[in-house]
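Undergrad: Sequence and predicted structure are below.
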Amino acid sequence: MSLHPPDLSSQNMADEQRGGEQQELSSAPPALEVDGISLAFREKRSSLPVLQDVSLTVKPGEFVSLIGPSGSGKSTLFHIIGGLLKPQQGRVRMHGQEVTGERGHISYMPQQPALFPWRTTLDNVLLGQENAPRKDTTARSRYASERREEALQWLEQVGLGTFAKAYPHTLSGGMQQRAAFLRALLSPQELMLLDEPFSALDALTRADMQQWLLRMWEENRRSVLFITHSIEEALLLSDRIYVLSARPATVMHIVDVPFPRPRREEITLDPRFSEWKRAMTGWMREEKHKLDGDMDNAESVHTNTPNDGVQRYE
Ligand SMILES: Nc1ncnc2c1ncn2[C@@H]1O[C@H](COP(=O)(O)OP(=O)(O)OP(=O)(O)O)[C@@H](O)[C@H]1O
């Protein structure tokens, strides 16, 4: 495969800008380590290999994205990290502790906001704390009134103050996603998994929400693993991007995004942004073709694609 990544020799700016705070964090164990995960869905007579020896890391306070063709296994990987599925091989560790197959360690934001229609915006936002694992005594021991006060302040801050007592159907799609994000942000679990949270929004609202998320994340610096189909979204938001191959997914490329923070929409106009976008679009197109080939020939779905090694770009 011929690759022409942009020349980034003079562009280690992102790391330089992160400063001393990041250095301190770098000695802490990773917020998430996915180590050699393999999984095949097994049915009576057949087996569908979906993930093959996938490893990735999210350091504390990092924003990491996962991008790959449709059906490559991104959601399956999220289900493994969230403890809903057990891999046949590999381990999941969070903050240095093994949690493979265990639930309750992550906060999660799905594609659809999944707000309960019978609860107000405020009560939906509080749900993440109410559902905190029993062993999380910090979250449970806080007074309900204190939690409500904090959630109200957050709603105010994200422009939903006047909607605190409103029910979800009266909120626009973007507002619902902001409420869903707050619910995940206020959950006691440090690591947030965001599964294509903007895919159902129109293009303009999506662009607004990307900027909003960027600001929210830069102010709060939680550890995030983010699934997206949008290369531009991944480049705009992430510190690092893992590019998955077609199914069975392997990590094909790792991109350390070189743009400094704080980032604003203007970086999309930077020629290097376009170069990265072009390179990554090429990778994705190639993988999509492989997957389409798989669809035409069901037998090949059951044959592993050789892993020709991870390409890392810094
Ligand atoms: N419970 C299951 N049993 C059998 N096959 C499954 C199951 N869940 C997912 N799959 C298959 O595993 C493959 C990967 O699915 P997954 O949803 O993880 O992909 P994805 O990369 O998240 O896709 P998309 O980007 O379209 O959301 C698909 O072929 C899907 O049909």
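TA: Looks like it came in fine.
Undergrad: In the stretch 1-150 of the chain, what residue spans correspond to strands?
TA: For the stretch 1-150 of the chain, the strands defined by DSSP state E, counting those that start in this stretch occupy 32-42, 47-58, 63-67, 89-94, 97-98, 106-109.
Undergrad: which one of these lies closest to P258?
TA: Nearest of the strands of the stretch 1-150 of the chain to P258, taken as C-beta to C-beta: strand 63-67 at 14.2 Å. No exception for glycine: its C-beta is placed from N, CA and C like everyone else's.
Undergrad: what helices or strands is the closest one leaning on?
TA: In terms of contacts (3 or more C-beta pairs under 8 Å, 6 or more residues apart in numbering; DSSP states H and E), strand 63-67 is packed against strand 47-58, strand 223-227, helix 231-237, strand 240-244.
Undergrad: Which residues does the last one contact?
TA: Think strand 240-244. Strand 240-244 is contacted from outside by 54, 56, 62, 64-69, 72-74, 234-235, 250-257, 280, 283-284, 287, using C-beta atoms under 8 Å, 6 or more residues apart in numbering.
Undergrad: right, is it up against the ligand?
TA: No. Strand 240-244 lies apart from the ligand when judged by C-beta under 6 Å from any ligand atom; the minimum separation is 7.5 Å.
Undergrad: now that strand: how far from the chain's centre is it?
TA: 10 Å (C-alpha atoms, centre = their mean, to the nearest Å).
Undergrad: So what angle separates the directions of it and strand 47-58?
TA: Strand 240-244 and strand 47-58 meet at an angle of 170 degrees, taking axes from the mean of the first three to the mean of the last three C-alpha atoms, to 10 degrees as the criterion.
Undergrad: and the helix or strand R178 falls within, average pLDDT?
TA: Element membership for R178 (DSSP states H and E) is helix 173-185. Averaging pLDDT along helix 173-185 yields 89.
Undergrad: what's it in contact with?
TA: For helix 173-185, the surrounding residues in contact (C-beta under 8 Å, 6+ apart) are 107-110, 113-115, 121, 124-128, 151, 154-155, 158-160, 163, 168, 171, 192, 194, 197-198, 200-202, 205, 208-209, 212-213, 216, 220, 222.
Undergrad: Send over it as PDB, restricted to the C-alpha atoms.
TA: C-alpha atoms of helix 173-185 as PDB (Å, rounded to 0.1, in the frame of the first residue of the first chain):
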ATOM      1  CA  GLY A 173     -31.500  17.700  18.600                       C
ATOM      2  CA  GLY A 174     -28.400  19.700  19.500                       C
ATOM      3  CA  MET A 175     -29.800  20.600  22.900                       C
ATOM      4  CA  GLN A 176     -30.600  17.000  23.600                       C
ATOM      5  CA  GLN A 177     -27.100  16.000  22.700                       C
ATOM      6  CA  ARG A 178     -25.700  18.700  25.100                       C
ATOM      7  CA  ALA A 179     -27.900  17.300  27.900                       C
ATOM      8  CA  ALA A 180     -26.700  13.800  27.000                       C
ATOM      9  CA  PHE A 181     -23.100  15.000  27.100                       C
ATOM     10  CA  LEU A 182     -23.600  16.600  30.500                       C
ATOM     11  CA  ARG A 183     -25.100  13.400  31.800                       C
ATOM     12  CA  ALA A 184     -21.900  11.600  30.800                       C
ATOM     13  CA  LEU A 185     -19.600  14.400  32.000                       C
END
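Undergrad: sorry, back to before: I only care about the contacts of helix 173-185 that end up buried; give me the PyMOL line for that.
TA: Selecting the buried subset of the contacts of helix 173-185 in PyMOL, with 16 or more other C-beta atoms under 10 Å as the burial test, is done by:
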select buried, resi 107+108+109+113+115+121+124+125+126+127+128+151+154+155+158+160+163+168+171+192+194+197+198+201+205+209+212+213+216+222
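Undergrad: ok, which of the contacts of helix 173-185 also contact the ligand?
TA: Among the contacts of helix 173-185, the ligand is touched by none when using C-beta under 6 Å from any ligand atom.
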